[in-house]
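Student: Sequence isn't available, so here's the structure alone:
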């Protein structure tokens, strides 16, 4: 029979990109294009500098009061802001504007409207009013609402968020103005990620300022701040578009582990491949122009995996910028013949991707989680740190639920990410301080000193008083907490909303107790020490500084009574608990109806995600894997038949034939079982369907994959129709 031709060309992919040719730069010297960060930073955002230059002083002052102090927006300023924003956007080449919002899909949405309005003379004028700036009306029935909207109730509203600057999105031939907005139903229910986040920031601000008043620390406002680290994979688009599973689900549903993966640990922090570096530099350039303060870039642990991260910003702005980073990564990668994969586990057997969420809060002049040089004497820091510990201990379930989705189930606890048990790493010094607080005594400071490196030409380094712990799901890292369980594809808004809310509740409870004791005549310092001792005792079970991957920790955590919520559905179920509805409702973050809608949406997304994966797996195996294996069987049978007449010993061929035949037969059986389970959805209710996916489809897919991966190892390369891990991970 004629030899099959491979459906892709690895060599073509490897040669498919060449560096941009050197050309004269701005001063006429031939060389690579340069980037003046200070000049371009924020040039495509309608930020404070642009507002100051274009707005009347009273309007600018009123707007700054809203942006920086959280004051209520003065409705009289909107027309002036709209006019200035329109003029700026037109100068940037914009022809349309959009209310840019974040529905409960986890990604962003936009509907473009032209600035042009027809006039009576048959011409057109450029208009953009304060009303158009403040409010838009996209369809509210076509986005996930979790029962808050029905199909025939379509009205929804977008509302301008002045705390996040408008920006220009440049396209081929024209640009458009994007205005960050909140998104709500006609009845006022939050249908987005931004609204609850802003509410939670308000709750944290109110409670933290109550505490600061007791410490006699002046503060106009307390802001939650975020610094999310973004991990991702880049693969050649030649391979991506040859993989139906990557296109449909974002991850490889079959694929054998290559002989070389990440075992040599040679990729982490290694030199960045030229094409990848060029892509990342362009991503950075565009993010700088949008005012995103991206700071670091490097190779991650797995081959083909990378990371970029910004410096801290206020939580709302950081959440918007994080969405822009994901969009820019995906869009720019294509310009370099690459595809950016943001799935938590695109490749089995090697590390997946997370989005470590660095979280803190502070005033306009101070980080409230900064321990200072003498944390044992810094009672204000110890108060706020204790409040965080109390929040995590009381609400482990909410933190776990905040990161629960199908993609993250592949990653949590897989010796690459924290386990599904929430605990806190404090480090040696802080742990000792809290142990002393628990006993009612004073802690002694731990001097880090200097670290000598054994050579006179190398400097002595300041030695931190505590190490870091990469296995902890919630680790104190100097002046912030790092929530390491967040998945690489998800919005950071809900995890941040949960953190802000539970810490606001802890501060509220602790401040209320202190106020009562002080009002009763007790000295503040004594009341504070008693409170910290009590809370340190109550929260100590959540503190663990060891290896979170170790089986011994799982047993120890169970003894401590900590929750172990190993999958999405078990974690989401905790959102039904009355105490969780109560805390969100008490602080005005989510009504019981809004919380219930999030549960329904997350459950439905889990069901649909696994359902798509199950159907894709079956189709992939039926139409690509089995035909390739059958072609190989046909080749083997032809050799065996010809060998009979030639009197040639083909016992080796027969052994291969028997092995492949056995794998094919077993694969057909398991494929039929998967197909049957795909057809049987498990019931009418979405929760029943989701459990069917977890209990039936996931195991069936695993069995099919195991056999398909074994076939990949024996079917000839020229017959195998799919790019392998070797191709995708190493060809750059």
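Tutor: Cool, got the structure. These figures come from a predicted structure and were not determined experimentally.
Student: Using the three-state scheme, assign residue 605.
Tutor: With DSSP: H, G, I helix; E, B strand; the rest coil as the basis, residue 605 sits in helix.
Student: what about it, how many residues close to it?
Tutor: 19 (other Cβ atoms under 10 Å). Glycine gets a C-beta too; all of them are placed from N, C-alpha and C.
Student: ok, now residue 242?
Tutor: Counted with other Cβ under 10 Å, residue 242 comes out at 21.
Student: Next, the contact list for residue 356, please.
Tutor: Contacts for residue 356 (Cβ atoms under 8 Å, 6 or more residues apart in numbering) come out as 228, 229, 482, 483, 484, 486.
Student: And the pLDDT for the last one?
Tutor: If you check residue 486, the pLDDT there is 96.
Student: Checking residue 232 next. Helix, strand or coil?
Tutor: strand.
Student: What of the one 3 residues further on?
Tutor: Three states are possible here, and by three-state DSSP the one that applies to residue 235 is strand.
Student: separation between it and residue 335?
Tutor: Residue 235 is 15 Å from residue 335, where distance means Cβ to Cβ, to the nearest Å.
Student: Between the two, point out the one with more neighbours.
Tutor: Neighbour tally, residue 235 and residue 335, criterion other Cβ under 10 Å: the higher count belongs to residue 235, 25 against 11.
Student: and the nearest residue to the more buried one once chain neighbours are set aside, what helix or strand is that in?
Tutor: Counting by Cβ to Cβ, 6 or more residues apart in numbering, residue 235 lies nearest to residue 728, which is 4.6 Å off, once chain neighbours are set aside. According to DSSP states H and E, residue 728 maps onto helix 725-730.
Student: about what we covered before: so which of the contacts of residue 356 belong to strands?
Tutor: Those of the contacts of residue 356 mapping onto strands are 228, 482, 483, per DSSP state E.
Student: ranking those by neighbours, who comes first?
Tutor: That'd be residue 483 among the ones in strands among the contacts of residue 356, by other Cβ under 10 Å, with 29 neighbours.
Student: Which strands and helices lie in contact with the strand or helix carrying residue 81?
Tutor: Per DSSP H and E: residue 81 is located in helix 78-91. Counting contacts by 3 or more Cβ pairs under 8 Å, 6 or more residues apart in numbering; DSSP states H and E, helix 78-91 packs against helix 48-54, helix 57-69, helix 130-134, strand 175-185.
Student: Try it again at 6 Å.
Tutor: Identification of packing neighbours for helix 78-91 by 3 or more Cβ pairs under 6 Å, 6 or more residues apart in numbering; DSSP states H and E yields helix 130-134.
Student: what lines up beside the next helix or strand after the helix it packs on in the sheet?
Tutor: Later in the chain than helix 130-134, the nearest helix or strand by DSSP H and E is strand 135-136. Here strand 135-136 is paired, per DSSP bridges, with strand 156-160 (antiparallel).
Student: Could you list the low-confidence segments of the stretch 551-700 of the chain?
Tutor: Within the stretch 551-700 of the chain, no range satisfies pLDDT under 70.
Student: Show me where it has its helices.
Tutor: With DSSP state H, counting those that start in this stretch as the definition, the stretch 551-700 of the chain shows helices at residue ranges 551-560, 568-572, 578-586, 592-620, 626-646, 651-679, 686-692, 698-712.
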